[in-house]
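Peer 1: Sequence plus the predicted model coming up.
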Amino acid sequence: MCALETREDILATHTQIPLEDELGDVLEKAMSCAGLTPETLSGKSGVPVARIRDAVDYRPELGPSECGRLASALGLNEVGLCALASGKYPVPDSDGLPFAVWPLRMTHGIGVVNAYIVDAGNGHGLLFDTGPGPVALHATWPPGITALDAIFLTHIEPEHAGGLPEALGRFHVSKAFIPTGAETAKGTAMGEGEEFVSGALKVVAYRTPGHCAMHNCYHVTSTAVPTARSLLISGDLIFAGSAGGPYHCQKQLRAHLRRVLAAVPPDTVVAPGHGPMTTAGNELRYNPFVS
């Protein structure tokens, strides 16, 4: 993504951004959560093991009946799983926010990681996550943002926090808000329900362990227009059509996923750490891991 693109260009193409996870990825994560192998899942669901292996290997030809049986066996949302299997998972629009949002999509290995800038006006912004490093961050930086009022990290992983030293130094920011219990240079803890206000922007933290032990989501609202659409920076808790890997605790991840989606208005734009933006209401209805 080029730094010369306008915000309108970026948002106009966000629905074309591929989902972070395909059907096979979701099935693999769900099997891991349930402690099942393709063989044991086959025995539990009645779906032939060869069909399951094909789906995991990105050859999804599962019909609605098979998807329904797999969803039941894995405790997944059947409607969402079927939508993924058919290649028709819905990705709603993200228009109508009362502030500008710049998605920074940065290549990391074979994938893409997202950071976001919320425009606070007059060239100032709030930065959420910092990408894998200074080169990637600089390459995607919008030219209209010349100062940062604050930096927030959803979690301390190299692909999400590698650019932190560059951002701190370049914009003379004294500290970054990080999840309570996490550790990084110039980090200050921000726990459940704690707030940060900058002009007409308010940021509220949700503590959301599961993907890792220390993880936050951040809910951004406009104090000038309290009834306007809001933004949820979800890190690796929520993706459009999936969720982050449950490397710390799958029960916590799924519990916080549903909790946070239900805590914000349904039209809240969800800005994930990977993949396209979506909405809270869309993921409550369709996300396979919300059942």
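Peer 2: Right, received. Where do you want to start? Residues are numbered from 1 along each chain as shown.

Peer 1: all strands for the stretch 151-291 of the chain, in order.
Peer 2: 176-179, 187-190, 195-198, 201-207, 216-222, 231-235, 238-239, 242-243, 269-272, 278-279 (DSSP state E, counting those that start in this stretch).

Peer 1: which of the residues in the second one are buried?
Peer 2: Buried residues in strand 187-190, counted by 16 or more other Cβ atoms under 10 Å: 187, 190. All C-beta atoms are positioned from the backbone trio N, CA, C, and that covers glycine.

Peer 1: Can you tell me which helices and strands that strand packs against?
Peer 2: Helices and strands touching strand 187-190, as assessed by 3 or more Cβ pairs under 8 Å, 6 or more residues apart in numbering; DSSP states H and E, comprise strand 176-179.

Peer 1: what's the model's confidence in the strand it packs on, averaged?
Peer 2: Strand 176-179 carries an average pLDDT of 98.

Peer 1: Could you point out which of the strands of the stretch 151-291 of the chain sits nearest residue 52?
Peer 2: strand 242-243 (17.5 Å; Cβ to Cβ).

Peer 1: List the neighbouring strands of that closest one plus their orientation.
Peer 2: Strand pairing for strand 242-243, using DSSP bridges, gives strand 238-239 (antiparallel).

Peer 1: what sits up against the strand it pairs with?
Peer 2: Applying Cβ atoms under 8 Å, 6 or more residues apart in numbering, the contact partners of strand 238-239 are 19-21, 217, 232, 244, 257, 260-261, 270, 272-275, 278, 283, 287.

Peer 1: Are any of those buried, and if so which?
Peer 2: Of the contacts of strand 238-239, these count as buried by 16+ other Cβ under 10 Å: 19-21, 217, 232, 244, 257, 260-261, 270, 272-275, 278, 283, 287.

Peer 1: Which members of the contacts of strand 238-239 are positioned in helices?
Peer 2: Among these, DSSP state H puts 257, 260-261, 283 in helices.

Peer 1: Distance to residue 72 added to the strands of the stretch 151-291 of the chain, as CSV?
Peer 2: CSV is the format used below for those (distance: least, Cβ to Cβ, whole Å):
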stretch, distance to residue 72
strand 176-179, 34
strand 187-190, 39
strand 195-198, 41
strand 201-207, 30
strand 216-222, 29
strand 231-235, 27
strand 238-239, 22
strand 242-243, 19
strand 269-272, 26
strand 278-279, 25
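
Peer 1: To residue 82, which of the ones you listed lies closest?
Peer 2: Among the strands of the stretch 151-291 of the chain, the nearest to residue 82 by Cβ to Cβ is strand 242-243 (14.4 Å).

Peer 1: average pLDDT across that closest one?
Peer 2: Rounded mean pLDDT across strand 242-243 is 96.

Peer 1: re earlier: now the two most distant members of the ones in helices among the contacts of strand 238-239.
Peer 2: 260 and 283 (9.8 Å).

Peer 1: quick check: domain ranges of the protein?
Peer 2: By the assignment in automatic domain parsing, the chain contains the domains 23-85, 92-286.

Peer 1: Name the surrounding residues that touch stretch 45-60.
Peer 2: By Cβ under 8 Å, 6+ apart, the surrounding residues in contact with stretch 45-60 are 22-24, 27-28, 38-39, 41-42, 61-62, 66, 69-70, 72-73, 84-85.

Peer 1: And it, end to end?
Peer 2: For stretch 45-60, the separation between the terminal residues is 17 Å (Cα to Cα, to the nearest Å).

Peer 1: Please apply the same query to stretch 124-143.
Peer 2: With Cα to Cα as the measure, stretch 124-143 spans 11 Å from end to end.

Peer 1: Could you do stretch 113-127 as well?
Peer 2: Stretch 113-127 has an end-to-end distance of 14 Å (criterion: Cα to Cα).

Peer 1: May I see the buried residues of that stretch?
Peer 2: For stretch 113-127, a neighbour-count test (16+ other Cβ under 10 Å) marks 113-120, 124-127 as buried.

Peer 1: Over to stretch 94-103?
Peer 2: 94, 97-103.

Peer 1: cool, stretch 147-155 as well?
Peer 2: Neighbour counts over stretch 147-155 (16+ other Cβ under 10 Å) mark 148-155 as buried.

Peer 1: Also stretch 181-188?
Peer 2: Of all the residues in stretch 181-188, those buried under the rule 16+ other Cβ under 10 Å are 182, 187.
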